[in-house]
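Pasting the sequence and the predicted model now:
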Amino acid sequence: MYSKRQLMTAISSHFSSEKTELKLSNSQLCVLCVDDEVSVLKALKRLLRSPHYRIFTACNGHEGLEIASKESIDIIISDMRMPEMDGAEFLSHIAKAYPYTVRILLTGYSDLSSTIAAVNSGKISCYLQKPWNNEELLLTVSQCSEKLILENENRRLVSEIEKKNRSLASLNNSLEEKVKQRTLQIRTTLGKLKSANSVIKNNLNATIRSFYNLISLNPYLGGKSSLIISELCSQIAHKMLDSPKAIKDIQLAGLLCELGMLSMNDEIWNTPIEELSIDLKKIYQSSSQQAYLALSPATPLKDVATIILYQHEVFSGEGCPNHLSADEIPLGSRILSVARDYVYATSGRLHTARLSSQGAIEYLTQRANQQYDPQIVNLLPQVIDVINHNTLAKNERIIAISDITPGMSLSRDVLNSNNILLLPEGHTFNADSLMRLNKFLTADNNPVEIFVLT
């Protein structure tokens, strides 16, 4: 069993997160206690005395409804048996008028039928039997507080995403149908996210998948690069660590490292990172702090959020947000930095020109000791062979249709947007095949990557 001091310490720790940006971060939780016995109200008020709670009391349901109409109540603790209006009826009114409140019922052993009514009509979060156990009641209120914070943050994220979707729709009327389809997909994902609220603490995998889906559904980001970064982080971490949890945290940090990019503008998405202006690059680097804030309410992901927060620190100490250097930077953040920029370099997101796998390794090696941890960079050649990504081989390059000349040979199949084979790997272009391909691509009006041997 927990002592009252232990429970209150835990509650205090929960509310002291310096980065949490919620309704409750700078104010107290408002708790309303309703009971017709003054002694019970005094006992509850004394038990819940804390700088994190603002306590209101009411002697009956009518008085409780009046207080709820004037104050922003977060948690309600109500007795079942009260004159004029019992707890079930009172909580039923509360559930209809204030659906986001957390409702706790105090009931006696003989109140089974009334408790069932309260569950059905009052939609209570939980109930405790009288006389209550102080430690159990404190723990219940603490858990309800955490659930309330998570739900508030989730609603904020939902509101932000829906607002961004509306902005996208107004940017280009010609994309209206695509925006509608995208909005439908996002709303479907949000529906899944909302349904996970009741089990969010005990179902961490569902929370992680929901965050990843938001990245994957973004038309500029997609989820493929996140998956590759995550796998590369995992492979490097296995070479350096024995702790399964630490390895898993680094892998998850790779998967969610682009979460903060959801708040970035189109110019940052459409410009290679090394070609961003100084001001835009600062905004891009601040995405790690945005991701940290978004993940802060999910306390089991605290270590993952920290890895993401420091992913833009550099080995020499000139990075952000805190100018950490060398071993001051968490190992997971150093691994993520190398894995992320390797994938970005080979996918064209770091520079306009995509680098081959070897070219990306050479690029990172040149910046070891300055930007990257040299020990991690040296591990890259040992792990990249197991990563299934679309890097350029040493003997191939991507070419525009206008730059193809007869005699060039394909290093990969040419597929249209529906994955129909147009020309096979190994085909050598002649004037006729070049004309036919050009004609088809003009009619199809969808971009196609053409890989040729150098």
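Looks like it came in fine.

so what secondary structure elements neighbour the helix or strand Ser288 falls within?
Assigned by DSSP states H and E, Ser288 belongs to helix 287-295. Judged by 3 or more C-beta pairs under 8 Å, 6 or more residues apart in numbering; DSSP states H and E, helix 287-295 is in contact with helix 302-309. Yep, even glycine has a C-beta here, placed from its N, CA and C like the rest.

So which residue is smack in the middle of the chain?
Centroid-nearest residue in the chain: Phe211, 3.7 Å away (criterion: C-alpha atoms, centre = their mean).

Please report how far it lies from Met240.
25 Å (C-beta to C-beta, to the nearest Å).

Same question for Glu162.
Taking C-beta to C-beta, one finds Glu162 at 41 Å from Met240.

picking that back up, I'd like the next helix or strand past the helix or strand the residue nearest to the centre of the chain falls within.
Using DSSP H and E, Phe211 sits within helix 204-217. Moving toward the C-terminus from helix 204-217, the next helix or strand (DSSP H and E) is helix 224-240.

okay, the angle between the helix or strand following that next one and helix 204-217?
Counting by DSSP H and E, the next helix or strand C-terminal to helix 224-240 is helix 244-256. Relative orientation of helix 244-256 and helix 204-217, computed by axes from the mean of the first three to the mean of the last three C-alpha atoms, to 10 degrees: 30 degrees.

Can you give me the buried ones in helix 244-256?
Neighbour-count burial for helix 244-256 flags Ala246, Ile247, Asp249, Ile250, Gln251, Leu252, Ala253, Gly254, Leu255, Leu256 (criterion: 16 or more other C-beta atoms under 10 Å).

Does anything pack onto that helix? Which helices or strands?
helix 204-217, helix 224-240, helix 302-309, helix 331-347.

immediately after that helix, which helix or strand?
helix 266-270.

who are the neighbours of the following helix or strand past that following helix, in terms of helices and strands?
Per DSSP H and E, helix 266-270 leads on to helix 278-285 as the next helix or strand towards the C-terminus. Counting contacts by 3+ C-beta pairs under 8 Å, 6+ apart, helix 278-285 packs against helix 266-270.

So which residues make contact with the helix it packs on?
Helix 266-270 is contacted from outside by Tyr220, Leu221, Met261, Leu276, Leu280, Ile283, Tyr284, using C-beta atoms under 8 Å, 6 or more residues apart in numbering.

Work out the gap between it and the centre of the chain.
Distance, stretch centre to chain centre, for helix 266-270: 20 Å (C-alpha atoms, centre = their mean, to the nearest Å).

what's the answer for stretch 312-323, then?
Using C-alpha atoms, centre = their mean, the offset of stretch 312-323 from its chain centre is 23 Å.

From start to finish, how long is that stretch in a straight line?
9 Å (C-alpha to C-alpha, to the nearest Å).

ok, back up a step: thought the residue nearest to the centre of the chain was touching Leu259?
Yes. Contact criterion C-beta atoms under 8 Å: Phe211 and Leu259 qualify, at 5.8 Å.

what's the longest helix in the protein?
The longest helix of the chain (DSSP state H) is helix 134-171.

What is that one packed up against?
Helices and strands touching helix 134-171, by 3+ C-beta pairs under 8 Å, 6+ apart, are helix 4-15, strand 29-34, helix 38-47, strand 75-79, strand 102-107, strand 126-129, helix 176-195.

Val414 versus the spatially closest residue to Leu150 that is not a sequence neighbour, what's the distance?
Distances taken as C-beta to C-beta, 6 or more residues apart in numbering place Pro297 nearest to Leu150, at 5.1 Å, with adjacent residues excluded. Distance, Pro297 to Val414, using C-beta to C-beta: 47 Å.

neighbour count winner among the two?
Neighbours per residue (other C-beta atoms under 10 Å) separate Pro297 from Val414, with Pro297 holding more: 23 against 20.

thinking again about what came up before, please identify which of the contacts of helix 266-270 is nearest to Ser234.
Among the contacts of helix 266-270, Leu221 lies closest to Ser234 (C-beta to C-beta), at 20.1 Å.

Tell me the predicted confidence for the closest one.
At Leu221, the model reports a pLDDT of 75.

Check the one 3 residues further on too.
The predicted local confidence for Lys224 comes out at a pLDDT of 72.

Just give me the neighbour total for Glu362.
13.

List the residues that contact Ile399.
Residues in contact with Ile399 (C-beta under 8 Å, 6+ apart) are Met408, Ile450, Phe451, Val452.

Strands - which of the residues you listed land there?
Members of the contacts of Ile399 lying in strands (criterion: DSSP state E): Phe451, Val452.
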